[in-house]
Structures are given as C-alpha cells and as structure tokens.
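pasting the sequence and the predicted model now:
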Amino acid sequence: MQGWLLEARIGNGNTMRQFIGKIKSWWYLVKQLTQVEIIGMYKKSFLGMAWMFILPILAVIIWVVLNGAGVVNPGETDIPYPAYVLLSTSIWGFFLEAYKSTSNLLTKNGRMLIMSEVPLEPLLMQKVVVHLINFIIPFAVNLIVLLAFGVRFSAMALLFPVSLIPLLLLGMAIGMVVAIFRVIMVDVANLVDEGMKLLMFLTPIVYTPKITASWLGVIVDYNPLTYLIGFSRDLLTSGTLFSPVEYLVFSGVSLVLVVLSFRFLVKSSTMVLERLINN
Amino acid sequence: MSDILLEVDELSKKFCRRLKRSLYYGITDIARQAVGKPVSTALRPEEFWAVKEVSFKVSPGEIISVVGANGSGKTTMMRMIAGIYKPTKGAINYPVPLKVTPVFALNVGLRNEFTGLENIKLKAAIFGMTEAELKRKLDFIIDFSELEYALATPVGNYSSGMRARLSYSVAIATEPDLFIIDEALAVGDSLFKTKCYEHLGEYVQEKERAVLYVTNRIRKVMALANRVLVMRGGRLLQDSRDATAALEYYINDIVGDKMTDDLKEMKLKKIRHFEM
C-alpha cells in the first residue's frame, strides 16, 4: 500500500470500489478527530457533554422570554412568529456553519497538513460529521419548542433531513473556495464572511418570503437561499412544497458547485499549503 | 522486488522571499491552473531556488542522513518526497507502491487534555492506521514507548521526551517501507535513543525498507547512517557511503568558515573517533 497522501493527492485510478476503499481507510481518522473535537469542547467542564443540551435550551428560553415580552409580529406567518424565526434561524445556521467549518479547513488544520501527509478528504468528512452532530442536538430541542408553540408536523416532515442536503452542499461549495482564499488572499475571505451576515438579512429568515418592499423583494426572488431554506421550512411545518421547481434547480446548481469547488480545492491546495506560514 | 525504492530526478522547488509577493504569485498560479494554463517554472522577482536539481536513488537497506546548514533545502526536499509540496520541476518516482511515513514534527496532532492512550489512537489515525491495524499494533506501541505506566495521564502532563517517545513509537508502528524523519529521529533520553538506533538498524534489514532522515548532529549521522547526502543552497553537493568522509567534507567545506579553528578541530575529532 502506498502512503495515503500519495494515493490521494497524486491519485491513481478513480473506480467506485477504490473510492469506497479510501473512505473506509479514512474512517478511523474521521472518527478520532470527531471524538477529539466534540469531547475536547467539554473535556474540562464538570457538566461535560450535558452542555450540548444546556446551550440550546438556554437559547430557546431567551426566545420564549422575548415572545412573552411581545416581539413585533410581522403577520402572515402560518405558524407563530417566534416559532417561525426559531426554525428559520436554525436552518440558516445549518447553512452558515457548513460554510464556516469548510472555509477554515486549511487554516485550522494547517500545521497538520504541512507536518504530516493527511489528505484533505477525511478532514472535510470530519467537518461534516461534527457539523451534523452540532446541528442535530439543538435542533431536536427546537423541535420540542415548536411543538409547544402549537406547530404540528405532517408525514412530509420525515423528508426534512434530506431536504437540507442542498444547503449543506452550497455552504461547503462556498467554504471550499474561501478556504483557499483564506490563505492566499484573506481580503476575499473577510469579504465573504461579512457578506454572509448581510445575506442573512437578504433571505427570508426573520421576515417572510411574501415581503413586498420593492428592491428587497427582487433580491429575495433571486436568492437561492429563499428557496433552499423555505422549502425545508415549509416541508417541516405545513408539509407543503414551497416553490419546488426553484428548489430543484438550485439544488442541482449546489451539487455542480460542490463538485467544482472540491476539484478547485484539491488542485490548489498544494500551492496554498506552501504559503501557509502562520502555523 | 525492485532494487530501487525511490527515485528523485532533477528535483527543484522555488520559493518567494517576500510574503505579499508570494501570496500574489500564489493567486496568479492558482488562476492560471484553474484555466488550464501552465504555471511558471522560471524564477520571478524575489524568488529563489530552495531546492535545485537534486537527483538520487534510494535502495532497500539504506539509512540515509541528509546533512546541511539551516536553509539548505533539506526539509523542502523531504516535504516534496512526502508529497506535501509539489515540485516546481523534476520528478519523484516510486517504482513499486510503497508505504511512506513522514515525520516532520513529532507533536503535531497531539491533544494535551487527552490521555496517552487516547493520543496513541489519535496519532495512529493521523498516520493512516485503521482501527484493526492499531489493535494489532497497540501492544508494540506501548511496549516500544515504555509509557505503559502513563497511559491514563493527560499528555499535557508528559515531559517533552515522553511526548516524543509516544509519537515516535506510533510512527514506527506504521511499518513504513520508506521512513522519512525530519529532525525528529532518536528522541527521549540516551537509553531510548540508543534503542531507536538499534531498532532502525534491524528494521531496514528485516524487509526491503529504507530510512531517510534529516539531522545536523554528528552523533546521529555516525550512529546510524550508511549513506550521507550533503546539501547547500538547495543543491546536493555530496552523496557518499562513507559517513566519516561526508561529514569531514561538511565540516571543512560547508560550515567550516563560520567556526573557530578550535571548534572545527573538536568536531572533526568527534567524527574520526566516534564511538556509540
């Protein structure tokens, strides 16, 4: 067997069986790095992993308190406004965290990448696994809160996890390109980071897609996240399909982008790593 | 089995002296590559050759020490051989598929708040072991590192020697055909060092294996190497199977100018009258 980096970075053959073989050989690393990252977060705390539940519960309590204090209701939501915002922000967070964790891939793991022969794929896989774990627990808490708000789920809600995949892909696609720029042109990375904050307000998260304000309405109409987030949200709360055609088109676009970005990342990474001198 | 494990052919690598310009070149290179244009292999302003036209072959049983002053291109060359850096020019060929384990910094990936045993697992995974493989080799690692008594202790409480022993033991347990070690060979106290030298000597004899290591310590060259490569300014100046001659050349012709006569004499004496 050749050293795994030589297989991965220089590449020899691309058959499905080899690919599955590679994933198997990476799995132990993915598992170890995931354990270290998740357990490491709470290692020195006495409450330990319980924090994974405490934090989202605290976040929810804040929401409930705000609701009790009378948060302005923009009307026209099918479910109570706080429940709408809670759900929308967690779906937005799913996208944003996918972006954040991938865009830090090279800078966070820089030392490991230039000091040993670890390939990028398992590190990327680990980011996804940690991202999913970090999403699932708070989200389960949120679901309970939604129930408390009187939201009822239909059978279509079972498709909700699958409907999130395009958001994950789009977040990763942007993240992988920004990961390269974070090393060689941090200006771009900073701009995209800031752009993400703006993007949140250009996406129907704290307001509804029915917004009529002229210029914002136009942006919302052309924003892929309107459909990627809206589709998942409606699937869960009303069991209806929100703009399915747009959703499918932007899902396809996300899939293409993630493949292109991955190729770009792998092809450029060696040129970038030799310039990673802050590790 | 092939009689050549690794073939390094006219290997060159350039770097840029200035950070901003280096980043700028990085952007242009990536852009050119993205649109399918060739990436520049000539020197641009502020660039220099970190490694220049280095060629050599590695055969089974060889323990090769790469010697050179700071900035002579040793680590850059090793990183290219390990596949971490891409050569600007030249080629690295492995005639038969090999398992290569490179070690550039022993402590990379270790997590201080985790125990010795947890770090063994982590480190093994970083070196590419699977769970089943680690299971088979765990006893060897614990035994070789002599750390059984400290397995439940957080690595943050280890001494630097203990940390290095842990990492080194995992690295050697990957059983590489080509073991690449950069400034991380023979760690811990003198007893452990001697054990490492003896183990590596037997290790390359067991199967068709080789070791390529970077060091500037006379003792580490004399104790182990059966071939020495001397580098300066990115070029390979000497490739010798006589370690004593190669080191004398290194002291006299490469670093001698910067030494006092007394120091030079002392070093030469150490080489000529070396004892384990």
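Here it is on my side, so go on.

so where's the chain uncertain?
Just so you know, I chose chain A. A:1-14, A:67, A:70-77, A:211-213, A:278-279 (pLDDT under 70).

that's the wrong chain, I wanted chain B
If you take pLDDT under 70 as the line, chain B has these spans: B:1-2, B:186, B:276.

try 80
Scanning chain B for pLDDT under 80 picks out the ranges B:1-2, B:183-188, B:254, B:256-257, B:275-276.

so who does the residue nearest the centre of chain A touch?
The geometric centre of chain A, computed from its C-alpha atoms, lies nearest to A:Ala98 (CA atoms, centre = their mean), at 2.5 Å. Counting by CB atoms under 8 Å, 6 or more residues apart in numbering or on different chains, A:Ala98 makes contact with A:Val128, A:His131, A:Leu167, A:Leu168, A:Leu170, A:Gly171, A:Met172, A:Gly175. The C-beta positions use only the backbone N, C-alpha and C, and glycine is treated the same way.

if you set the cut-off to 6 Å instead, what comes out?
A:His131, A:Leu168, A:Gly171, A:Met172 (CB atoms under 6 Å, 6 or more residues apart in numbering or on different chains).

kindly report the same for A:Ser88.
Neighbours of A:Ser88 in contact, by CB under 6 Å, 6+ apart: A:Ile205.

can you tell me the helix or strand for it?
Assigned by DSSP states H and E, A:Ser88 belongs to helix A:81-103.

how about the contacts made by the residue nearest to B:Met231 when sequence neighbours are not counted?
Excluding the flanking residues, the one nearest B:Met231 by CB to CB, 6 or more residues apart in numbering or on different chains is B:Gly68, at 3.6 Å. Neighbour list for B:Gly68: B:Lys74, B:Met231, B:Arg232 [criterion: CB under 6 Å, 6+ apart].

follow-up on the earlier one: what residues of the helix holding A:Ser88 count as buried?
A:81-103 (16 or more other CB atoms under 10 Å in any protein chain shown).

what's the first helix or strand after that helix?
Past helix A:81-103, the next helix or strand by DSSP H and E is helix A:105-108.

ok, residues contacting that following helix?
With CB under 6 Å, 6+ apart as the criterion, helix A:105-108 contacts A:Ala179, A:Arg182, A:Val183.

with just CA atoms, put the following helix or strand past it into PDB.
The C-terminal neighbour of helix A:105-108 among helices and strands, as given by DSSP H and E, is helix A:110-115. The C-alpha trace of helix A:110-115 is given here as PDB (Å, rounded to 0.1, in the frame of the first residue of the first chain):
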ATOM      1  CA  GLY A 110      -2.600  23.900   8.600                       C
ATOM      2  CA  ARG A 111       0.000  22.500  10.900                       C
ATOM      3  CA  MET A 112      -1.300  19.000  10.500                       C
ATOM      4  CA  LEU A 113      -1.400  19.400   6.700                       C
ATOM      5  CA  ILE A 114       2.200  20.600   6.300                       C
ATOM      6  CA  MET A 115       3.700  18.400   9.000                       C
END
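
what about the following helix or strand past helix A:110-115, distance to the chain center?
As assigned by DSSP H and E, the chain's next helix or strand after helix A:110-115 is helix A:120-148. In terms of CA atoms, centre = their mean, to the nearest Å, the centre of helix A:120-148 is found 9 Å from the chain centre.

report how many residues lie close to A:Val253.
Using other CB atoms under 10 Å in any protein chain shown, the number of residues around A:Val253 comes to 16.

my error: substitute A:Gly68 in the last question.
9.

what sits against it?
For A:Gly68, counting by CB under 6 Å, 6+ apart, there are no contacting residues.

repeat for B:Ser65
B:Tyr213, B:Thr215, B:Val221, B:Ala225, B:Val228.

try it again at 10 Å.
B:Ser65 makes contacts with B:181, B:185, B:211-217, B:220-230, B:243, B:246-247, as judged by CB atoms under 10 Å, 6 or more residues apart in numbering or on different chains.

circling back: which ones, among the contacts of helix A:105-108, also lie beside chain B?
A:Val183 (CB under 10 Å from any CB of the partner chain).

quick one: which of the contacts of helix A:105-108 is the most crowded by neighbours?
A:Ala179 (28 neighbours).

that one contacts A:Ala189, correct?
Yes - under the criterion of CB atoms under 10 Å, A:Ala179 makes contact with A:Ala189 at 8.3 Å.

so for these two, which residues contact both of them?
With CB under 10 Å, 6+ apart, A:Ala179 and A:Ala189 have common neighbours A:Ser103, A:Asn104, A:Thr107.

need those residues in a markdown table with distance to A:Ile62, can you?
Shown next, in a markdown table, are the shared contacts of A:Ala179 and A:Ala189 (distance: CB to CB, whole Å):
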| residue | distance to A:Ile62 |
| --- | --- |
| A:Ser103 | 28 |
| A:Asn104 | 27 |
| A:Thr107 | 31 |
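
and these, which is closest to chain B?
Nearest to chain B among the shared contacts of A:Ala179 and A:Ala189 is A:Thr107, at 13.6 Å by CB to the nearest CB.

what residues does the stretch 151-276 of chain B put near chain A?
Counting by CB under 10 Å from any CB, the residues of the stretch 151-276 of chain B that sit close to chain A are B:Pro154, B:Ala171, B:Thr174, B:Pro176, B:Asp177, B:Leu178, B:Ile180, B:Asp182, B:Ala184.

mind giving me the PyMOL command for buried ones among those?
The buried residues among those can be selected in PyMOL (16+ other CB under 10 Å) with this line:
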select buried, chain B and resi 154+171+174+176+177+178+180+182+184
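
take the residues of the stretch 151-276 of chain B next to chain A and keep only those in strands.
If you go by DSSP state E, these have B:Leu178, B:Ile180, B:Asp182 in strands.

of all the residues of the stretch 151-276 of chain B next to chain A, which two lie farthest apart?
Using CB to CB, the two most remote members of those are B:Pro154 and B:Asp177, lying 34.0 Å apart.

please enumerate the helices of the stretch 51-200 of chain B.
B:74-81, B:116-126, B:131-145, B:160-173, B:190-206 (DSSP state H, counting those that start in this stretch).

quick one: list the elements packing against the longest one.
What that stands for is helix B:190-206. strand B:63-68, helix B:131-145, helix B:160-173, strand B:178-182, strand B:210-214, helix B:218-224 (3 or more CB pairs under 10 Å, 6 or more residues apart in numbering or on different chains; DSSP states H and E).
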